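[1] quick one, what's the 3D model for this:
(one chain, ligands or ions: 2)
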Amino acid sequence: EYEGVHTGAGHGQYNGDVSVGSTLSGSTYQLVDGDRAGQRTYDLNQGTSGTGTLFTDDNDVWGDGTPGNRQTAGVDVAFGAAATWDYYKDVHNRNGIRNDGVAAYSRAHYGNSYVNAFWQDSCFCMTYGDGAGNAAPLTSLDVAAHEMSHGVTAATAGLVYSGESGGLNEATSDIFAAAVEFNAGLEADVPDYLVGEKIDINGNGTPLRYMDKPSKDSRSRDYWDASLGSIDVHYSSGPANHFFYLLSEGSGAKTVNGVAYDSPTVDGVPVAGIGIENAADIWYRALSTYMTSTTNYAAARTATLQAATDLFGAYSDTYLAVAAAWAGINVGD
Ligand code: ASN
Ligand code: ZN
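    Residues are numbered from 1 along each chain as shown. Ligands and ions are numbered 1, 2, ... in the order given. Model prediction:
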């Protein structure tokens, strides 16, 4: 730590009242997180390039919980970056996205009526739109964790963003989005296996994606089949998201933190869950140790079984649960 590191009082639209790391420069506070390698949060002010301006404040109280206040989006994305940084560091001993201690930066208020968010390796940064119409700002915790996890995937397995590896790339971001949500345990964002449930992108209260039964979005696939590699990566992620849910919570009907799930298996054979923390440990080790740029679903199964062997022992109950969850989505040996 160094002089000037502060903890500001943030008021997010989605994350509620949270601390944000700030730094005092002269008599002005900046949204620069001194406890996390100086992760910075910028206001693009509806621009689409560069960094706009760093969020600054006179009294270290940030946002008011409403999207009308420009700082509110800054609070949510700064907190999302901090929670994701903490998750990788505390849970996986990973020091930043590239494991080199270097912070990525965040850019809020991208463009006009932009209904998306994205990660770019080229700037080592993530960018968030304000949404439009029914869709609220794309600044929720799971969206931030999803985008930052694209950076982790690029720095580890490097899964190519098309075909089956592209689906696994997308699923990796959804998997760690859920894991970060559970790790943060916010009252204002109750941990779930839904992606983007806060955004209301469809205007009818439904999330972007469901992990227990991905086809509930009427586009994503529930099970592997040979045609998977030819569909959009946000839909071919479905079976891997479904694998992760099955491995975490098991098949069938279940309520977690007040959210009802009902997860089927392809052949009706039940799967027992091992908990999200164990499932995420296995996926992280598989991603960072065994997967490569061309890993497909069959190879992901092998990678997670190797990871389960390393962490829990060959043919342990946990190893067998991993095999059963893959069988549940139609990936076998
Ligand atoms: N938000 C999207 C994603 O991270 C952007 C994209 O299509 N790459 O998947
Ligand atoms: Zn993505």
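[2] show me where the protein has helices.
    Along the chain, the stretches classed as helices by DSSP state H are 70-92, 141-155, 163-184, 233-236, 238-249, 276-285, 297-312, 317-328.
[3] out of those, deepest packed?
    helix 238-249 (a mean of 29; mean count of other Cβ atoms under 10 Å). Where C-beta positions appear, they are placed from N, C-alpha and C, glycine not excepted.
[4] pLDDT of that one, averaged?
    Averaging pLDDT along helix 238-249 yields 99.
[5] tell me the angle that helix makes with helix 317-328.
    On the basis of axes from the mean of the first three to the mean of the last three Cα atoms, to 10 degrees, helix 238-249 is oriented at 150 degrees to helix 317-328.
[6] wait, isn't Asp222 in contact with Ala240?
    No: between Asp222 and Ala240 there is no contact under Cβ atoms under 8 Å: 11.0 Å.
[7] common neighbours of those two, please.
    Common neighbours of Asp222 and Ala240 (criterion: Cβ atoms under 8 Å, 6 or more residues apart in numbering): Ile329.
[8] to Ile201, which of the helices of the chain lies closest?
    Between Ile201 and these, the tightest spacing by Cβ to Cβ is seen for helix 141-155, at 10.4 Å.
[9] next, format the helices of the chain as a markdown table and append distance to Pro214.
    As requested, the helices of the chain are exported to a markdown table (distance: least, Cβ to Cβ, whole Å):
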| stretch | distance to Pro214 |
| --- | --- |
| helix 70-92 | 23 |
| helix 141-155 | 15 |
| helix 163-184 | 9 |
| helix 233-236 | 8 |
| helix 238-249 | 3 |
| helix 276-285 | 16 |
| helix 297-312 | 14 |
| helix 317-328 | 13 |
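[10] who's in contact with Glu249?
    Glu249 makes contacts with 193, 212, 256, 261, 263, 273, 276, as judged by Cβ under 8 Å, 6+ apart.
[11] closest one of these to Gly313?
    For these, the nearest to Gly313 is Gly273 (18.4 Å; Cβ to Cβ).
[12] run a quick neighbour tally on that closest one.
    20 (other Cβ atoms under 10 Å).
[13] related to what we said a few turns ago, dump the contacts of Glu249 to CSV, plus pLDDT.
    Compiled in CSV, the contacts of Glu249 are given as follows (pLDDT from 0 to 100):
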residue, pLDDT
Tyr193, 99
Asp212, 99
Val256, 98
Tyr261, 98
Ser263, 98
Gly273, 98
Ile276, 99
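[14] of the residues you listed, which belong to strands?
    Of the contacts of Glu249, the ones assigned to strands by DSSP state E are 256, 261, 263.
[15] pLDDT score for whichever residue of the chain sits closest to ligand 1?
    Residue of the chain nearest ligand 1, by Cβ to the nearest ligand atom: Phe118 (4.5 Å). pLDDT recorded at Phe118 is 98.
[16] for Leu168, same thing?
    99.
[17] and it, how far is that from Ala73?
    Going from Leu168 to Ala73 by Cβ to Cβ, to the nearest Å gives 30 Å.
[18] buried subset of the ones in strands among the contacts of Glu249?
    The neighbour-count test (16 or more other Cβ atoms under 10 Å) applied to these identifies 256, 261, 263 as buried.
[19] please name the nearest non-neighbouring residue to the last one.
    What it means is Ser263. Nearest residue to Ser263, sequence neighbours excluded (Cβ to Cβ, 6 or more residues apart in numbering): Asp212, at 4.1 Å.
[20] what's near enough to touch that neighbour?
    Counting by Cβ under 8 Å, 6+ apart, Asp212 touches 193, 242, 245, 249, 261-263.
[21] need the contact list for the residue nearest to Ala188 when sequence neighbours are not counted.
    Nearest residue to Ala188, sequence neighbours excluded (Cβ to Cβ, 6+ apart): Gly16, at 3.1 Å. Gly16 makes contacts with 65, 186-189, as judged by Cβ under 8 Å, 6+ apart.
[22] next: Asn330.
    223-225, 239, 266.
[23] same thing with Trp283?
    172, 175-176, 244, 304, 307.
[24] now do Met148
    Applying Cβ under 8 Å, 6+ apart, we find Met148 in contact with 80-81, 84, 97, 104, 119, 126.
[25] same question, Tyr245
    Neighbour list for Tyr245: 193, 211-212, 261, 263 [criterion: Cβ under 8 Å, 6+ apart].
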